[in-house]
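[1] coords below, sequence missing:
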């Protein structure tokens, strides 16, 4: 049914081209929406835009290869060339997307590491010699709980979270709120989450 000679294969070809055009249209809309109108398909620097461009650009040759293959008008009839063409198109489309996604992940991890270093957020207090470490206590001796490592984890967790949310200016206030309510370790936080 799909590869029969005649009009039916061209109906399916036209249908798949329409689906690709709809996909491209909505992908272009998403680029504009994601950037609040600052970017479009042809201009911008964001990673989201680049992934969209990779998808659109690497999917674009598929219909043309279909047309020149025996399923289309048959300009290329060598079976090895046809299979190689489909393989190259698929590998380029999929690996192009995956490699750029991996690049985005690496860039994000480097940015996160730099942010942690900038704000002195580190899970291991010994890893940052010379940095003054704070304790999660509000100064009241009655509220002091000995630090068994959970306090450092809690402080690190709060700082990392607030930095990643771009709310680092509220870190001290949030830590005070946690302390005032008796949440001084990640163990206590986990128990609250479980309830």
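    Great, that's in hand. Here the structure is a predicted model, which is why all the values come from computation and not from measurement.
[2] rounded mean pLDDT for stretch 57-73, please.
    The average pLDDT for stretch 57-73 rounds to 89.
[3] now do the helices in this structure.
    For the chain, the helices defined by DSSP state H occupy 7-34, 47-59, 61-68, 79-119, 150-164, 171-180, 186-194.
[4] so how far is residue 24 from the closest residue to residue 63 other than its chain neighbours?
    Distances taken as C-beta to C-beta, 6 or more residues apart in numbering put residue 17 closest to residue 63, at 5.6 Å, once the chain neighbours are dropped. Backbone N, C-alpha and C define where each C-beta goes, glycine included. Between residue 17 and residue 24 the distance is 10 Å, computed by C-beta to C-beta, to the nearest Å.
[5] between these two, who's got more neighbours?
    residue 24 (16 against 13; other C-beta atoms under 10 Å).
[6] show the contacting residues for the more buried one.
    With contact set as C-beta atoms under 8 Å, 6 or more residues apart in numbering, residue 24 has these partners: residue 56.
[7] and it, how far is that from residue 48?
    15 Å.
[8] please identify the deepest-packed of the helices of the chain.
    helix 150-164 (a mean of 19; mean count of other C-beta atoms under 10 Å).
[9] helices or strands up against it?
    helix 79-119, helix 171-180, helix 186-194 (3 or more C-beta pairs under 8 Å, 6 or more residues apart in numbering; DSSP states H and E).
[10] average pLDDT for it?
    79.
[11] ok so, going back, take the helices and strands packed on helix 150-164 and lay them out in TSV including distance to residue 63 and mean pLDDT.
    Listed next are these as TSV, based on distance: least, C-beta to C-beta, whole Å; pLDDT from 0 to 100:
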stretch	distance to residue 63	mean pLDDT
helix 79-119	11	89
helix 171-180	53	85
helix 186-194	50	76
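[12] any chance of CSV for those, columns distance to residue 39?
    Listed next are the helices and strands packed on helix 150-164 as CSV, based on distance: least, C-beta to C-beta, whole Å:
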stretch, distance to residue 39
helix 79-119, 16
helix 171-180, 32
helix 186-194, 38
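[13] my read: residue 116 touches residue 161, true?
    No. Contact criterion C-beta atoms under 8 Å: residue 116 and residue 161 do not qualify, at 11.8 Å.
[14] out of the helices and strands packed on helix 150-164, nearest to residue 73?
    With C-beta to C-beta as the criterion, residue 73 lies closest to helix 79-119 of these, at 13.1 Å.
[15] the closest one: how far from the chain's middle?
    With C-alpha atoms, centre = their mean, to the nearest Å as the basis, helix 79-119 stands 12 Å off its chain's centre.
[16] please shift the residue numbers so they start at 15 in all later answers.
    Will do, 15 is the new start, and the previous item becomes helix 93-133.
[17] tilt between it and helix 164-178?
    120 degrees (axes from the mean of the first three to the mean of the last three C-alpha atoms, to 10 degrees).
[18] helices or strands next to helix 93-133 in the packing?
    helix 61-73, helix 75-82, helix 164-178.
[19] make CSV from those and add distance to residue 205 to it.
    Shown next, in CSV, are these (distance: least, C-beta to C-beta, whole Å):
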stretch, distance to residue 205
helix 61-73, 38
helix 75-82, 53
helix 164-178, 12
